[in-house]
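In: Here you go, sequence then predicted model.
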Amino acid sequence: MNVPLTTEILRDLKSKGYNILKSSNCVDDATQYFSPAKVNDLWKFLEELSRESATVVIEEIIDAPEDSFEGKFLRVY
């Protein structure tokens with residue numbers, strides 16, 4: 001199941017210790033799907049990440065306007 005990404009969801013994920021939203025989508029994809037993840041060494045993870053990946057750091061987008069999340073969904077299992 002996929003749910004639209006919201007600030008409330010991001011805050012909840014952060015409070016549970018998640019720090020990234022992993023995605024197999026590219027940044028240019030109109031619709032993007034994310035799975036929350038916890039990464040111990042965030043800097044190392046980011047260095048190894050493809051620049052075209054839509055994966056994001058939760059802290060960097062948590063204060064973004066709600067309309068910037070349009071077309072972005074969280075995968076819920």
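Out: Perfect, I can see it now. These numbers were taken from a predicted model, which means no experiment stands behind them.
In: Mind listing residues that contact the host helix or strand of residue 43?
Out: Secondary structure assignment for residue 43, by DSSP states H and E: helix 42-48. Around helix 42-48, the neighbours that count as contacts under CB atoms under 8 Å, 6 or more residues apart in numbering are 19, 20, 39, 57. C-beta coordinates here come from the backbone N, C-alpha and C atoms, glycine included.
In: surely the second one meets residue 36?
Out: Translated: residue 20. Yes - Residue 20 lies in contact with residue 36 (CB atoms under 8 Å); the separation is 7.5 Å.
In: So which residues of this protein form helices?
Out: Secondary structure of the chain by DSSP state H: the helices cover 7-15, 42-48, 58-61.
In: top of the contacts of helix 42-48 by neighbour count?
Out: residue 20 (22 neighbours; other CB atoms under 10 Å).
In: Just the local confidence number for it, please.
Out: Looking at residue 20, its pLDDT reads 95.
In: again with residue 33
Out: With respect to pLDDT, residue 33 scores 92.
In: now it: how far from residue 74?
Out: Distance, residue 33 to residue 74, using CB to CB, to the nearest Å: 8 Å.
In: what touches both of these two?
Out: Here residue 33 and residue 74 have residue 2 as joint contacts, going by CB under 8 Å, 6+ apart.
In: related to what we said a few turns ago, go through the contacts of helix 42-48 and say which is closest to residue 7.
Out: residue 57 (14.9 Å; CB to CB).
In: Mind listing what's buried along stretch 45-60?
Out: 45, 54, 55, 56, 58 (16 or more other CB atoms under 10 Å).
In: quick check: mean pLDDT across it?
Out: 86.
In: how long is that stretch end to end?
Out: 15 Å (CA to CA, to the nearest Å).
In: do stretch 40-55 as well
Out: First residue to last in stretch 40-55 (CA to CA) measures 16 Å.
In: Can you name the residues that contact the most centrally placed residue in the chain?
Out: The chain has residue 21 as the residue nearest its centroid, 2.7 Å off, counting by CA atoms, centre = their mean. Contact analysis of residue 21 by CB under 8 Å, 6+ apart lists 5, 13, 34, 35, 36, 37, 55, 56, 58, 74.
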